Every structure is written in C-alpha cells, then in structure tokens.
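Chemist: Just to be clear, the model below is a prediction. Sequence and coordinates:
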Amino acid sequence: MKRIIKVIALVSIVGLTYNSVFAATKEKFNRTTTTETSKSTDEKQSAALAYDKGYQAGLNGISANVIVPKAYAAHSKEYTEGYKKGYAEKQAADLAYEKGYQAGKVSNTPKVTVPKAYSANSKEYTEGFKKGYDEKQAAVQTAYNAGYDAGTKGTSATASVPQAYSANAADYTRGYQQGYNDRQGAYDAGFSAGYLAGETESSSVPSSIPGAYSKFTSAYKMGYGSGWATKRQEIIIYKEGYNEGLRGLSETAAVPRDYAGAEWMSNKYTEGYAAGLADYLASPEAAEAAKNAYDAGYSEGLEAGKRNPHVDRNNPEVPGIYSVFKDKYKEAYRTGVAESVVQLGYGDGYAAREGERISRSLYSVEGYYTGYSKGKSDKAAGCKSAYPVNEDLIKYSSMVYVEAGKGSGKKVESGGDGLLDDYYDIAPFFIGKYEVTQEFYESILKRRGNVKVGRPTYTLDAKPSSFGEDTLVSGEVQKNRPVESVTWYDAVYFCNALSQIQGLTPAYAITIKKLDISLDETHILDADVTWNREANGYRLPSEEEWEFAVRGGDPNAKDFTYSFSGASDKSFTFGNKTSRALDKVGWYSYNPSGVTENTQGSKGVPGYCTHEVGKKNANRLGIFDMSGNVAEMVFDLGDGNERILRGGSYATSAASCHVVAWNDQDPSVRSTGIGFRIVRNAE
C-alpha cells in the first residue's frame, strides 16, 4: 500500500516536472516564433516602404537613372522596381498630356475625344488638350485683336503681318480686315454726319463733335468743312447768277460752263439769275446804268487783254470799278488776249521768214499757231513783241502742224500691218512736238485740278510721276521728263483743263464716276467720255493721226515707210529685241548705259527709266520720242473697254517701238511706262 502510494507520488512528481518543462519550452517556442514572425513582417514592410518610396520618386523623376537613397539601400531592388514603375507611369502620363496638348492647339472645338492609345491616361490627355486649346484661343484672340487695332488705323486694305504674329497670320489678317472695314464704315459715317452738320451751320469750324464720332474726329471735321464749303459755294453761285440777272440781257440764264456740269450748281445759278432779273425789271433806270457799266467793263477788259497777254488770262486783276461785272471783264480780257497772241504768232511767223526768233507765252499756243501759219505766208511785218515767260514751258508745250493726208497706204520696212496700210483720209491737225512733260502737266493741274464726284471737291494729283530725282540721268532735267503714272481718264481731263485755260471749246464731255483717293494723290478711275470732233480744244490723237505723224506726215516722202520715227532699219523684224536705228531716235529697254541684247535693262541698270524729252533725234516733222521713252495713249478703243497705246517705252524691246506696233491697257491703269502727247484740230 505504501509502495503504491510511493509510485503514484513519483509519477505525480515526474508529471509535474514535465509540465513545468513543457510550459517553459512552449513559452520559449512561442517567444522564438513571435520574434521570427515579427522580424519577417518588418522586412516585408521595409521592402514595401522602399518600393513605395521608389515608386513616388519615379513619379517625380526627371531621368530613368535610379539613385537609391541610403535609407533604402537594404532594399535597393524593391526601391529600384518601384522607381521604374513610377517613372514609366509618369512617362506615359506626360506623353498623354503632350499628345492632348498638341491636339488642343489645333482643335476648332473644346470637346475632348481621347484616343484609345491614351485611355489609360485619359485625365492627363484631357488636361493637356484643355491647356493647348486655351493657349490656341488666347493666341488667336491676341493676334486678332492686334490685327483689328492695326486695321482701324490702316490706310491700306491689305494687312502687313508683323513677325510677332506670323504663327497666327490668318487670325491677324482676319482681325485687320474687320478693323479696317469698321474704320472705313465709321470714317464714312463721321464724314457724312459732319457734312450734313456743316450744311446747316454758319462757321467752318465745328463747335463740338458728337461722341459717336469721337474716334474719327478728323473725318467728321473734314465732312463738316466740305458741307460748309458746299453751302458757301451755293451762296456764291446764287449771287453770281443774281448779278448776271441784274444786267437784264436775257430772260433765260446762260449757266456758265463751270456750273453746267452739276444740276445743283445750275439750279442755284438759275435761281439767283431769276431773282436778279426780277430786280432789274423792277428798276429800268438802275438797269440802264448797269448796262453802261457792263459795256465799259467789257471794253476795258478787251484793251487790258491786248496789253498783257502773258498774264493768267482767266484770272486778271479786275479794277474795283468793274468788280460787279468781273465775269464780263474777264471774258473780254480773254478775247483781248486771243487777239493779241494771234498777232504775236503772226509776228513770229513773219520773223521766221527773216530768220529771227521771238519768245511767246504758254497761254497763247492756239492763237500763236493761227497767226504763225498766216505770218509765214504773208509779207506784212506783224507784231514782234517779246514777253517774260517760262522758256521751258514755251518749248515743251509747242506743237507741230501736220498737213492733211489722203491715200491708200504704204507698208513700212519689215512689212507690218499699220492702219495706214489701207485707205485713209486725215484732216490737218496740230500735234505736240514733245510728250507732255511733268512741269507742263503740273502747271495745268495746279490751276484746274479740282474735280467733283457728288458734292465733295477733290484735287487731282499734279505731280503723279513715279520717276523722281533719284533716277535722274546726269545732264538731264527732272521737270522736262515725260509725265507718267496717270490714267487715260486723267489724260483726257488734262486736255479739257488746258482747253478751258486757253478759252477753247473742250474736246470732251466728261462725267466722272469714280476716283482713286488717297492721302496725297487723287486720280480718275472711271468716267463717261464723249468726243466732240468739231471742238477746237486739246485732245488725245486718234490712232490714225498718231501713226500718220510718227511716219512723218507725207505719204510721198521716203520716211513714210521707216521702221521707227525718223529712223530706217530695213533688216529689222518683229522678232528683234534691238535696233541700231532705234538707238538714234528712242529710249527703249536695250539702250540704257551698260545694257546689251543679252542683258535687258532692269531697275538696277543706270538709265532704265524715262528720260528728258527731246534728247534723241526727231522725225522729219520735228516730233521727238514717238518711238520709246513712254508709250503714248490715244483715244481709240482696243479690246473691250481698253484704250490703245502706241510707240513703246523705255521698258520695252525694239519690236514694241515699231511704227505699226500697238498694245492696249485698261483706262484706269497707271504705269511708269505710259504717258501721252496732245493734238488739236487745225480747221
């Protein structure tokens, strides 16, 4: 019993000891396992942290090269993998943004359509697109605004795009056009508003300008001044008509030519005349006194004109006693001048027979040649008075008499197909010895250059020529170069102006329809022109007259068949560019200094320009430059509405200078190679 108890006790002791050992071992195991597990978790977290840090660094990286921070050196692999993944995602996002940006810069709509290739980075693509589109819109608007501002200040309808806006040239140009159109509209509106205001005011200076036209002050003032000037002119015209009516010479007003062209002028003059006539009829005594003064004014003007033909015969100084009848005084003065210059020409004609030479006035051209022709064949002495005059104007406005010609034609050298190769019958006429010079043109336009289209008055450009002193050839005189850069309409207007100055009947009825108006020059672009063939005024030659004169005017003379004006070249053909014969009589594109047939004249060659008239040889009639220098306008029509040109110019080959060669040009065109010379009927 005791033994049993003892065993049990031992077992109990052993069990107790095992349990104690197991528990200790278990605790140790548990401690060991927990430590290992904790250690593994820490490493994983460190690796994950390194990967995450690398990833974040890659997202911000500017290079594919990985630089591992020392803190993550133990997990360099994870850091590097994270970096590469982040960098790759960043690159993909950047590429998507850039592609979106480029798409936005060219898009015409703000709507974003993301290509499938960039769907993974849709956000970045969309952001880029919006930025690109916004920048494009800003650039477009900036260019448009800059163009618009330039357009509102522009004097030309064509935009010159600054380099700064070259990338958006179309937008700048679009803005410019809108600005220019708005400016023109507002400018015209300002002018019109000012004009209407001026017609109702009594001062030439507007007291205030409406706010609507504040940006176009100058246009408004200009319109105001024109309106006021028109009103004042109406008053003047009315008074002139009234004074004429006071003389009571007729129950019907004879409207002066200056006012007959516009209905409103004619009406004002007629209204004034009727009022003056009524006053005349109401006071016979006053009328008788007026008639006596009128007759005295005429007589005095007639005598004054005979004494002083070298003065401006349209604007003589009228003595105060005749001021009421100044128009009649001027009319008589012109008649006196005409009588005097006929005698002057007569004297020169007679003197020419005796081998003498006497100066004459520019303003006596028509009377001079009438008297001159008679004086050459008359044995009477005539008048031999000389006056202080502009010798160049006298010389270069002189004319040559061309006798009548009739025949069946003669072909010129090298064949040709001229107008005179068929039947012709030409009346006698005078033709300018020289092409109209710059000084001659200016002297007439300065006195008679005001034109109207509607009510505003404009002044035609009196100095239109493009060739100035900077192109002048040594030894030549600028003012004696031919006028050029005028329209055909400008030329016929000049003829009428010269006729009016000299008291002749204008050859043309001209109704101006359109002007080319700029800040410093005005030209006629369109007009209805009718030729009065019986008028004794100046005009452009007909094509037949021109060809008759260039051939020398005598069908029986040898030079009638010459190739050029006064120059024979039997070997010449129309394929030729040059001619030694032409070198003697005309300027053309192959005879400036340093030019050969293989190096045609150009702007860089000295002398490739117009030249002083009369520097080459004349033809048999004494006419200069009919071959070359400037092509000359004639009256005849070419194709359609174009006007014919004859004679060639400094810029053409010899073929264009041939006496039968011709070209045509729109009458509104201005060119440095086109001028004209004048003619007059001789019967």
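Modeler: Thanks, I have the structure now. Residues are numbered from 1 along each chain as shown.
Chemist: how about Ala557, what does it touch?
Modeler: Arg620 (C-beta atoms under 8 Å, 6 or more residues apart in numbering). Just so you know, the C-beta spots here come from the backbone N, C-alpha and C atoms, and that holds for glycine as well.
Chemist: can you do 10 Å?
Modeler: Contact analysis of Ala557 by C-beta atoms under 10 Å, 6 or more residues apart in numbering lists Arg551, Arg620, Leu621.
Chemist: Then Ser63?
Modeler: The contact partners of Ser63, by C-beta under 10 Å, 6+ apart, come to Tyr87.
Chemist: A helix includes it, no?
Modeler: No: with DSSP: H, G, I helix; E, B strand; the rest coil as the criterion, Ser63 is assigned coil and is not in a helix.
Chemist: Can you report phi and psi for it?
Modeler: Backbone torsions of Ser63, given as degrees, to the nearest 10, read phi -150, psi 150.
Chemist: so where is the stretch 1-150 of the chain shaky, pLDDT-wise?
Modeler: Applying pLDDT under 70 to the stretch 1-150 of the chain flags residues 1-39.
Chemist: 50 instead, please
Modeler: Scanning the stretch 1-150 of the chain for pLDDT under 50 picks out 1-18, 21.
Chemist: Next: the chain.
Modeler: Ranges of the chain meeting pLDDT under 50: 1-18, 21, 310, 353-364, 366, 379-389.
Chemist: Wait, a strand at Asn108?
Modeler: No: counting by three-state DSSP, Asn108 is not part of a strand but coil.
Chemist: Now for it: which residues touch it?
Modeler: Tyr133, Lys136.
Chemist: rerun that using 7 Å as the cut-off
Modeler: By C-beta atoms under 7 Å, 6 or more residues apart in numbering, no residues touch Asn108.
Chemist: gap between it and Lys136?
Modeler: According to C-beta to C-beta, to the nearest Å, Asn108 and Lys136 sit 9 Å apart.
Chemist: rewinding a little: could you export the contacts of Ala557 to a markdown table, including columns for distance to Gly128?
Modeler: Converted to a markdown table, the contacts of Ala557 look like this (distance: C-beta to C-beta, whole Å):
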| residue | distance to Gly128 |
| --- | --- |
| Arg551 | 80 |
| Arg620 | 84 |
| Leu621 | 82 |
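Chemist: buried sites along stretch 137-150?
Modeler: Val140, Thr142, Ala143, Tyr144, Ala146, Gly147, Tyr148, Ala150 (16 or more other C-beta atoms under 10 Å).
Chemist: And stretch 240-251, by the same measure?
Modeler: Buried, per 16+ other C-beta under 10 Å, within stretch 240-251: Glu240, Gly241, Tyr242, Asn243, Glu244, Gly245, Leu246, Arg247, Gly248, Leu249.
Chemist: nearest to Tyr180, of those residues?
Modeler: Of all the buried residues of stretch 240-251, Tyr180 sits closest to Glu240, with 42.3 Å by C-beta to C-beta.
Chemist: before we move on, the earlier item: and the two most separated of the buried residues of stretch 240-251?
Modeler: Once C-beta to C-beta is applied, the buried residues of stretch 240-251 give Glu240 and Gly248 as the farthest pair, at 15.4 Å.
Chemist: quick one, phi psi at Gln56?
Modeler: Here is the backbone geometry of Gln56 (degrees, to the nearest 10): phi -60, psi -40.
Chemist: gap between the two ends of stretch 595-605?
Modeler: When the termini of stretch 595-605 are compared using C-alpha to C-alpha, to the nearest Å, they are 7 Å apart.
Chemist: going forward, begin numbering at 22 instead of 1
Modeler: With the count now opening at 22, the last piece we talked about shows up as stretch 616-626.
Chemist: okay, now the residue lying closest to Pro340 once chain neighbours are set aside: neighbour count?
Modeler: Using C-beta to C-beta, 6 or more residues apart in numbering and skipping residues adjacent in sequence, the residue nearest Pro340 is Glu321, 7.1 Å away. By other C-beta atoms under 10 Å, the residues close to Glu321 number 19.
Chemist: And for Pro231?
Modeler: By other C-beta under 10 Å, the residues close to Pro231 number 12.
Chemist: separation between it and Val690?
Modeler: Distance of Pro231 to Val690, given as C-beta to C-beta: 40 Å.
Chemist: hmm, back to that, and of the buried residues of stretch 261-272, the nearest to Arg698?
Modeler: Nearest member of those to Arg698, counting by C-beta to C-beta, is Glu261, at 36.2 Å.
Chemist: what about the closest one, which helix or strand?
Modeler: helix 238-267 (DSSP states H and E).
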